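K.L.:
I'll drop the sequence and a predicted model, then ask my questions.
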Amino acid sequence: MSEPFRISISASFTAEPLEPVLQFWGGQLGVAFEVEFAPFQQVIQTLLNPAGEFASNRHGVNVAMLRGSDLGERAVENACEVVKALRAAAARDSVPLIFILCPSENADAAAEKVLADSLDWRALEYVAIERLYPVSAKFDPAADHLGAIPYTEQYFVALGTALARRITALSLVPYKVIAVDCDNTLWDGICGEDGPAGVRLGAGRRLLHEFLLRQRADGMLLALASKNNLADVIDTFIQHPEMPLQPEDFSAMRVNWDPKPGNLSGLAEELGLGVDSFLFLDDSAKECAEMRDEQPQVLTLELPGELLASEERTGRFLDHVWAFDHPVVTDEDRQRAASYEQAREFGQAFQSAHSLEEFMASLDLNVEIDPVAEDQLARVAQLTQRTNQFNFSTIRRTEAEIRALLGSHDCLAVKVRDRFGEYGLTGAVIFSVKGDTLRIDSLMLSCRVLGRGVEHIVMAHLGRIAVERGICFVDAKLIPTRKNQPALQFLRAIDPRYEKDLAFRFPSEFLASLGWSASSIVPVTAEKTREPEQHRFLPFEWIARELSTVEQILTAMRVKPAVLDSSMTATERELASIWAELLKLPSVGPEDRFFDLGGHSLLAVLMISRVQERLHVALPVDDVYSGDVTLRDLAMKIDAMSSGGMESAEYEAMLAEIESLSDDDVRALLGQQ
């Protein structure tokens, strides 16, 4: 049985209403979420505690949540302390840390700016959450005063969904290529029938173009996959210079009359990637069905004409395909499309060279190998997660896990450039020393820099490190996968005498003198995926269509209503539904009492909040906390208050009464169960 994925949460307010939201998303994603909460209002303490909830988490994520209004009188100074604590925890803990800056009605703007300016991709800010999951009423003053529960049910759903989405993006192997159809997808019309000048670019399709360009800027490769005449497609772009996308933005094309599933395999081979790295966008239900049937490991997204005709619907759909999320965007990501063009030029020059030796001599190859810097850890983590072919171990690691290794291991970053251009940080080595042996834990190089001798330079560098430290041997253990055959072939090409059962032990001095030879060229082929990874079947398209708004998510969370007594009044039934949701019970009766069913002070505050949201009645605190009151009693109270037509002034007066309670009064009420 797999270990549960633990979400450890520390917040400056009562965050327990997030748990049912996270459990709902765990069910949708097929992941066993285990949600734990650190002590109330101890964010900095939890971050700094070397034996606390965060430090003990070994499989999952840590989440720190803070309202600007909770920073106290010295808000800016305290914000600086929070930033220091976040950085210390991120450097210590072995799982990713997510910081969420939550909204507050009376936040110190300067303190919030300190937090926002000091944080990186680990942070989620309420402005970004609001853009994706807008909620008209975020705050619940009464519940905040009674139980430090500051938000409405709707906003906790938005907050929990944004968190689940970020966890998903951090946990999954990313997609690398977006393959897109042309006719009735990139443009409205069929260029072969309407003529290149006859197609149109409406607002929805323009938005699609702009979205794809942003994805390209964030490191995704774009490809065309269209049943068409290539000349017609190219001419369409020429006839429409107003189109944001142009042919040079695509790293590869398959424009012909062959079946698209086969063409996607051809695109994968050309780019040296597996088809499980692809997303496929098409307006045709038939083409999408064929792709899903023949290439199930591809994430296929259907974009029907009625969706693309609407800018609003197109934007909402694309914004809510979680597979497009990029929590980390490095400099190498931004240069990825250009790097593939450089690799294409390299391959063409390689094929036309008179001799390999002459070609290698003309490369002007420069390889920099240095200890990894703090700002390079995110990129090194990416390499562990994305590199398949030249990867000795294929151990996938997060940034936090790599940082934790630095106490016992060395980590080197490899940067490459040649006469075709700069490739950036495209390799990494993690190793340790034990006795007379330098042991390679992980060594990976992007396939974009293979075939130049980079792999030889890196291994020779490790040999020289060993010689300089007086170490006799360099050990490399290859863990075979479906994809890393090139790494195995390279190790065997160094000298097969030093292999035993996929374990290689090279004498340090021998390895230090390693040089490139034509016989040791690493073959790079298209990655093959025989067994699709499980995450490829996550319901990304269904989420984008059916769970893109807070209202849709709330409805889905309540899809299994409690079994209710048919004799109940409408108010009793609604109140019973609220009790059943909060208490996680299959049924609630009119004579049941909230605290007898397992209710407690926190749930009672949530119940008051839910009644206000759904029935528009502010229940008196004394009535709710009475041990004798039944569901029917409360329902009658709600009906009486509703029929009395409570005016807003009366409601405000009731809120004022609640807010006037002293701390001792509140503690006394919360102690009644």
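P.N.:
Perfect, I can see it now. Residues are numbered from 1 along each chain as shown.

K.L.:
for the helix or strand hosting residue 369, which strands pair with it and how are they oriented?
P.N.:
Here residue 369, judged by DSSP states H and E, is contained in strand 366-371. Strand 366-371 sits in its sheet next to strand 410-418 (antiparallel), going by DSSP bridges.

K.L.:
with just CA atoms, put the partner strand into CSV.
P.N.:
Listed next in CSV are the C-alpha coordinates belonging to strand 410-418 (Å, rounded to 0.1, in the frame of the first residue of the first chain):
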residue,chain,number,x,y,z
ASP,A,410,28.4,17.3,-3.6
CYS,A,411,26.3,18.7,-6.4
LEU,A,412,27.7,20.0,-9.6
ALA,A,413,25.9,22.1,-12.3
VAL,A,414,26.9,21.7,-15.9
LYS,A,415,26.6,24.6,-18.3
VAL,A,416,27.3,24.2,-22.1
ARG,A,417,27.8,26.4,-25.1
ASP,A,418,29.3,26.0,-28.6
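
K.L.:
contacts for that strand?
P.N.:
Contacts to strand 410-418, defined as C-beta atoms under 8 Å, 6 or more residues apart in numbering, come from residues 346, 363-373, 376, 379-380, 402, 405, 422-433, 445, 449, 452, 454, 458, 461. Yep, even glycine has a C-beta here, placed from its N, CA and C like the rest.

K.L.:
isn't residue 452 right up against residue 363?
P.N.:
Yes: between residue 452 and residue 363 there is a contact at 6.1 Å, judged by C-beta atoms under 8 Å.

K.L.:
what about these two, which has more around it?
P.N.:
It is residue 452, of residue 452 and residue 363, that has more neighbours when counted by other C-beta atoms under 10 Å, with 24 against 16.

K.L.:
quick check: the residue nearest to residue 288 when sequence neighbours are not counted vs residue 312, distance?
P.N.:
Beyond its immediate neighbours in the sequence, the residue positioned closest to residue 288 (C-beta to C-beta, 6 or more residues apart in numbering) is residue 302, lying 4.4 Å away. Computed as C-beta to C-beta, to the nearest Å, the residue 302 to residue 312 distance reads 18 Å.

K.L.:
please say which of these two ends up with more neighbours.
P.N.:
The neighbour comparison of residue 302 against residue 312 (other C-beta under 10 Å) goes to residue 302, with 18 against 10.

K.L.:
need the pLDDT of the more buried one.
P.N.:
The predicted local confidence for residue 302 comes out at a pLDDT of 94.

K.L.:
next up, phi/psi of it, please.
P.N.:
The phi and psi values for residue 302, taken as degrees, to the nearest 10, are phi -90, psi 130.

K.L.:
my read: it touches residue 541, true?
P.N.:
Yes: under the contact definition of C-beta under 8 Å, residue 302 touches residue 541, with a separation of 7.2 Å.

K.L.:
just want the most central residue of the protein.
P.N.:
Among the residues of the chain, the smallest C-alpha distance to the mean C-alpha position (C-alpha atoms, centre = their mean) belongs to residue 169, namely 1.2 Å.

K.L.:
what helix or strand is that one on?
P.N.:
Assigning secondary structure by DSSP H and E places residue 169 in helix 153-171.

K.L.:
go on, residue 66?
P.N.:
With DSSP H and E as criterion, residue 66 is part of strand 60-67.

K.L.:
give me the helices and strands touching that strand, please.
P.N.:
Contacts of strand 60-67 with other secondary structure elements, assessed using 3 or more C-beta pairs under 8 Å, 6 or more residues apart in numbering; DSSP states H and E, are made with strand 5-11, helix 43-48, helix 75-92, strand 97-102, helix 153-171.

K.L.:
right, and the helix or strand after the longest strand along the chain?
P.N.:
With residue count as the measure and DSSP state E as the assignment, the chain has strand 421-434 as its longest strand. The helix or strand immediately downstream of strand 421-434 is strand 437-445, counting by DSSP H and E.

K.L.:
what sits against residue 61?
P.N.:
Counting by C-beta under 8 Å, 6+ apart, residue 61 makes contact with 6, 7, 8, 95, 96, 97, 98, 167, 170.

K.L.:
quick check: closest non-adjacent residue to it.
P.N.:
In space, and not counting its chain neighbours, residue 61 is closest to residue 96: 5.0 Å by C-beta to C-beta, 6+ apart.

K.L.:
any idea how many residues pack against the one you found?
P.N.:
Look at residue 96: counted by other C-beta under 10 Å, it has 22 neighbours.

K.L.:
quick check on it: phi, psi?
P.N.:
Comment: the main-chain dihedrals of residue 96 come out as phi -60, psi 150, following degrees, to the nearest 10.

K.L.:
which ones are touching it?
P.N.:
Residue 96 sits next to 61, 62, 122, 170, 398, 399, 400 when contact means C-beta under 8 Å, 6+ apart.

K.L.:
for residue 252, same thing?
P.N.:
If a contact means C-beta under 8 Å, 6+ apart, then residue 252 has 221, 223, 224, 267, 270, 271 as its contacts.

K.L.:
repeat that for 7 Å
P.N.:
With contacts defined as C-beta atoms under 7 Å, 6 or more residues apart in numbering, the neighbours of residue 252 are 223, 267, 270, 271.

K.L.:
ok, so of those residues, who is nearest residue 85?
P.N.:
For residue 85, the closest of the contacts of residue 252 turns out to be residue 271, at 42.8 Å, with distances computed as C-beta to C-beta.

K.L.:
so who does the closest one touch?
P.N.:
Here residue 271 is in contact with 177, 221, 251, 252, 340 (criterion: C-beta under 7 Å, 6+ apart).

K.L.:
isn't residue 254 right up against residue 267?
P.N.:
Yes: if you go by C-beta atoms under 7 Å, residue 254 and residue 267 touch, sitting 5.5 Å apart.

K.L.:
list the residues that contact both of those two?
P.N.:
When contacts are counted by C-beta under 7 Å, 6+ apart, the set common to residue 254 and residue 267 consists of residue 225.

K.L.:
show me how the protein divides into domains.
P.N.:
Structurally, the chain divides into domains by automatic domain parsing as follows: 5-171, 177-325, 355-515, 560-670.
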